[in-house]
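Participant: Any chance you could fold what I've pasted below:
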Amino acid sequence: MASSSGLAPTSSTSSQEGRKSPLTLNRDELATTYNAFFLEATLTAEYNYLTQHHISGVYVLPSDISSLIWYGLLIIRRGLYQGALFKFKLLIPANYPDGGCPELDFQTGVYHPKIEYDTGELDTKKEFPRWRRDINHLYQLLAYARKIFHQIDTTNPVNIEAGKL
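Facilitator: Purely as a prediction, here's the structure:
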């Protein structure tokens, strides 16, 4: 049944599948729906980029529970940490890419100046002081996580003892 304007009738608030018609969504509902699709599309694009432009020694896989959680493995092939394997979890903010920098937490104890030993959290403040959607991407964060094991920077360490060695 069509209305005289050619649009779907607005008296019914749901379609046959039980979803609301886009014509009946209020501004907040429409924004929430759009944001969810935009987030999924953005994360898919980020993951696709990583699969096409592989960072040597970095392997990630989105969680089957939430696309905001990625699990990863970092393999160090040279330098002081040569032969090390580090599991990590990447926690992406729900308002990505507009939120702050995603959090990268190592799941095993890592003794490094840029990694908080007790929590495993990678210090990203110097490299990404302000996360900007038009400049920063997940592959840059993952490349930084790899780089800290090849170019060890002891200035402003979060693990002070590791910074002294």
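
Participant: ok, residue 91 touching residue 99?
Facilitator: No: Residue 91 is beyond contact range of residue 99, at 10.7 Å (criterion: CB atoms under 8 Å). In this view, the C-beta of every residue, glycine as well, is placed from N, C-alpha and C.

Participant: and residue 121, how many residues sit next to it?
Facilitator: By other CB atoms under 10 Å, the residues close to residue 121 number 17.

Participant: Tell me the gap between stretch 142-151 and the middle of its chain.
Facilitator: Distance, stretch centre to chain centre, for stretch 142-151: 16 Å (CA atoms, centre = their mean, to the nearest Å).

Participant: do stretch 100-120 as well
Facilitator: Mean-position distance between stretch 100-120 and its chain equals 15 Å (CA atoms, centre = their mean).

Participant: Could I get the full set of strands for this structure?
Facilitator: Taking DSSP state E, the strands of the chain run over residues 58-62, 69-75, 85-91, 103-106.

Participant: per-residue confidence averaged over the last one?
Facilitator: Same thing as strand 103-106. Confidence for strand 103-106, expressed as mean pLDDT, is 98.

Participant: For this protein, give me the ranges with low pLDDT.
Facilitator: Residues of the chain meeting the criterion pLDDT under 70: 1-34.

Participant: So which residue is smack in the middle of the chain?
Facilitator: Taking CA atoms, centre = their mean as the criterion, residue 92 is the residue nearest the geometric centre of the chain, at 3.6 Å.
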